[in-house]
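Visitor: sequence first, predicted coordinates after that:
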Amino acid sequence: MTTGTGSPVWHPFTQHGLQPEMLPIASAEGAWLVMSDGRRILDGIASWWVVTHGHCHPRIVRAIEDQARRLDQVIFAGFTHEPAETLARGLIDVAPAGLAHVFFSDSGSTSVEVALKMALGYWRNIGEQRQRIVALEHGYHGDTVGGMSVGARGVFSAAYEPLLFDVVRIPFPAAGREQATIDAFDAACAAAPVAALILEPLILGAGGMLIYETSVLRELKRVAAAHGALLIADEVMTGWGRTGKLFACDKAGVSPDILCLAKGITGGSLPLAATLCTSPIFEAHRSTDRAKTFFHSSSYTANPIACAAAVANLEVWWSEPVAERIAMLAAAHTERLAPFRADARFANVRQLGAIAALDLEVPETGYLASVGPRLMQLFIDRGVLLRPLGNTIYVMPPYCITPAELDLVYSAIAAAPDALAREAP
Ligand SMILES: *Cc1c(COP(=O)(O)O)cnc(C)c1O
């Protein structure tokens with residue numbers, strides 16, 4: 001079975017004119033996807049960065065089954081339930097210090113919308129005129145209108161440009177150019193009051209797996225605090241161990257004012273997101289004045305089944321050697337990346353914790369470069385799911401991946417330049 005030209009389904013970030021056939025996946029286990037015809041594909045990108053421990057983790061599956069039988073869904077305005085309460089307490093326990101309240105939503109994008117609304121609501125409710133948002137060059141914060149506005153602009157946002165609001169963009173803190181970023185942020189804050197700085201801490205995901213120093217994050221936090229601006233850390237991708245620590249902010253010892261979590265929050269099993277904030281932000285909204293209410297909701301806010309999956313995810317973190325698995329995966333990446341550093345066909349070989357990335361040297365670069373989809377097809381042909389960002393190949397597997405499985409991924413990457421050359425017209 002293939003879902004092909006006859007299917008009514010419209011797929012995300014997919015050019016149906018170039019890719020008429022989708023690969024039908026019937027099941028998954030550990031680091032593997034299984035197609036309807038039985039073919040197995042190794043999931044080298046954790047199914048778009050969401051699966052942390054592995055597919056269909058038994059503890060998470062059981063929690064979902066149990067919760068689905070007890071309470072499937074309930075309105076969350078005026079009501080609460082045990083999975084949400086347990087999860088919120090669990091998140092506060094593991095989050096960077098100072099975060100004291102949890103607002104649930106359904107996706108990384110909505111967690112960002114919520115973060116931006118919290119920031120602006122905070123300033124309005126305390127009676128200060130602050131509406132400017134500062135964002136990092138090459139950032140990605142989701143595909144809703146607010147997320148697109150604070151994210152990098154490009155071909156993927158061009159049609160929607162009239163809907164997007166202005167932000168102050170500061171340069172990416174590339175190695176050796178860190179001070180320019182810090183100075184630009186300081187200047188932006190000095191020029192006019194800034195409501196918030198939003199960034200992906202330590203590594204920009206969709207922007208091309210671009211890594212920057214922990215000291216930059218600390219400095220940006222210091223400048224933000226000096227000017228009273230809020231720091232929004234979008235850890236939708238970096239959270240849940242990807243950078244080697246539970247959260248990237250932990251690596252830098254930085255506490256943001258607002259923290260966005262999604263993707264790995266349920267271990268990658270169900271959609272759920274959380275936006276955490278400090279007490280002052282919550283207190284600015286708590287009032288007998290209804291006009292100061294935080295006006296945001298989605299129908300499935302804090303869905304009990306998704307919350308139960310997220311509670312089970314936390315239990316996996318505490319009951320299994322997840323940190324050790326991540327450390328082993330990080331070491332395995334380092335070892336396997338080494339030969340690529342000496343290979344002129346590759347550039348910018350880099351790693352942050354459980355994330356590895358390298359750029360293929362090709363004449364054509366950028367997101368629309370046709371090399372991306374061609375590479376993806378070559379990898380699929382070898383039974384490996386990797387979805388390059390243009391000519392940037394990255395590996396972000398579930399933590400259960402074994403060294404032998406990781407070898408399959410890296411041998412596919414090593415074979416890619418020759419395979420590309422062979423298929424060139
Ligand atoms: C994926 C991602 C988002 C958007 O999350 P969705 O769940 O896809 O809406 C936001 N921010 C970052 C940093 C992401 O990587």
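Guide: On my side now, so go ahead.

Visitor: and L197, how far from the ligand?
Guide: In this view, L197 and the ligand are 14 Å apart by C-beta to the nearest ligand atom, to the nearest Å. Glycine gets a C-beta too; all of them are placed from N, C-alpha and C.

Visitor: return the set of residues that bridge with that residue.
Guide: With DSSP bridges applied, L197 shows beta-bridge pairing to V134, L231.

Visitor: what about it, distance to G353?
Guide: Using C-beta to C-beta, to the nearest Å, L197 is found at 23 Å from G353.

Visitor: out of the two, which sits in the busier spot?
Guide: L197 (29 against 21; other C-beta atoms under 10 Å).

Visitor: would you confirm that that one contacts G139?
Guide: No. Judged on C-beta atoms under 8 Å, L197 makes no contact with G139 at a distance of 10.6 Å.

Visitor: assign T301 to helix, strand or coil.
Guide: coil (DSSP: H, G, I helix; E, B strand; the rest coil).

Visitor: ok, and the closest non-adjacent residue to it?
Guide: Using C-beta to C-beta, 6 or more residues apart in numbering and skipping the chain neighbours, the partner closest in space to T301 is F76 (4.4 Å).

Visitor: got it, and A100?
Guide: Closest to A100 by C-beta to C-beta, 6+ apart is S279, at 4.7 Å.

Visitor: what's the burial count for that neighbour?
Guide: For S279, the neighbour count with other C-beta under 10 Å is 12.

Visitor: I figured it hits A97, correct?
Guide: No. Applying C-beta under 8 Å, one finds S279 not in contact with A97, separated by 11.8 Å.

Visitor: quick one: whichever residue of the stretch 251-400 of the chain sits closest to the ligand and A310, what's the gap?
Guide: Relative to the ligand, the nearest point of the stretch 251-400 of the chain is A262 (4.7 Å; C-beta to the nearest ligand atom). Separation of A262 from A310 (C-beta to C-beta): 10 Å.

Visitor: pick out whichever of those two has more residues nearby.
Guide: Each of A262 and A310 has its neighbours counted (other C-beta under 10 Å); A310 has more, 31 against 28.

Visitor: please tell me how far the more buried one sits from A174.
Guide: 35 Å.

Visitor: smallest gap between the stretch 51-200 of the chain and the ligand, at which residue?
Guide: G108 (2.1 Å).

Visitor: spell out which residues of this structure are next to the ligand.
Guide: Counting by C-beta under 6 Å from any ligand atom, the residues of the chain lying close to the ligand are 107-109, 112, 140-142, 200, 205-206, 234, 236-237, 262.

Visitor: now go through those residues and say which are in strands.
Guide: Taking DSSP state E as the definition of strands, the residues of the chain next to the ligand contribute D234.

Visitor: name the member of the residues of the chain next to the ligand with the most neighbours.
Guide: In terms of neighbours by other C-beta under 10 Å, the residues of the chain next to the ligand top out with D234 at 34 neighbours.

Visitor: quick check, it in contact with E113.
Guide: No. Between D234 and E113 there is no contact, the gap being 11.4 Å when judged by C-beta under 8 Å.

Visitor: so what's E364 closest to, chain neighbours aside?
Guide: Spatially, and ignoring its direct neighbours in sequence, E364 is nearest to V371 (6.1 Å; C-beta to C-beta, 6+ apart).

Visitor: thought the one you found was touching T392?
Guide: No. Contact criterion C-beta under 8 Å: V371 and T392 do not qualify, at 10.0 Å.

Visitor: mutual contacts of these two, please.
Guide: L360 (C-beta atoms under 8 Å, 6 or more residues apart in numbering).

Visitor: so R242, which of the three states?
Guide: Quick answer, by three-state DSSP: R242 is coil.

Visitor: quick check: pLDDT value at it.
Guide: As predicted, R242 sits at a pLDDT of 98.

Visitor: how many other residues sit next to it?
Guide: Neighbour number of R242 under other C-beta under 10 Å is 27.

Visitor: cool, and R387?
Guide: 16.

Visitor: repeat for T301
Guide: The number of residues packed near T301 is 20, by other C-beta under 10 Å.

Visitor: tell me the phi and psi of it?
Guide: Dihedral angles of T301 (phi, psi; degrees, to the nearest 10) stand at phi -40, psi 130.

Visitor: tell me the pLDDT at the closest residue to V150 other than its chain neighbours?
Guide: Computed as C-beta to C-beta, 6+ apart, the closest residue to V150 that is not its neighbour in sequence is A135, at 4.5 Å. Note on A135: pLDDT of 98.

Visitor: ok, A135 - contacts?
Guide: 141, 150-151, 167-170, 197-199.

Visitor: from those, which ones fall inside helices?
Guide: Of those, the ones assigned to helices by DSSP state H are V150.

Visitor: and of the contacts of A135, the nearest to R286?
Guide: I198 (23.6 Å; C-beta to C-beta).

Visitor: that closest one - how many residues pack around it?
Guide: 28.

Visitor: report how many residues lie close to L164.
Guide: 16.

Visitor: residues contacting it?
Guide: 145, 148-149, 153, 157.
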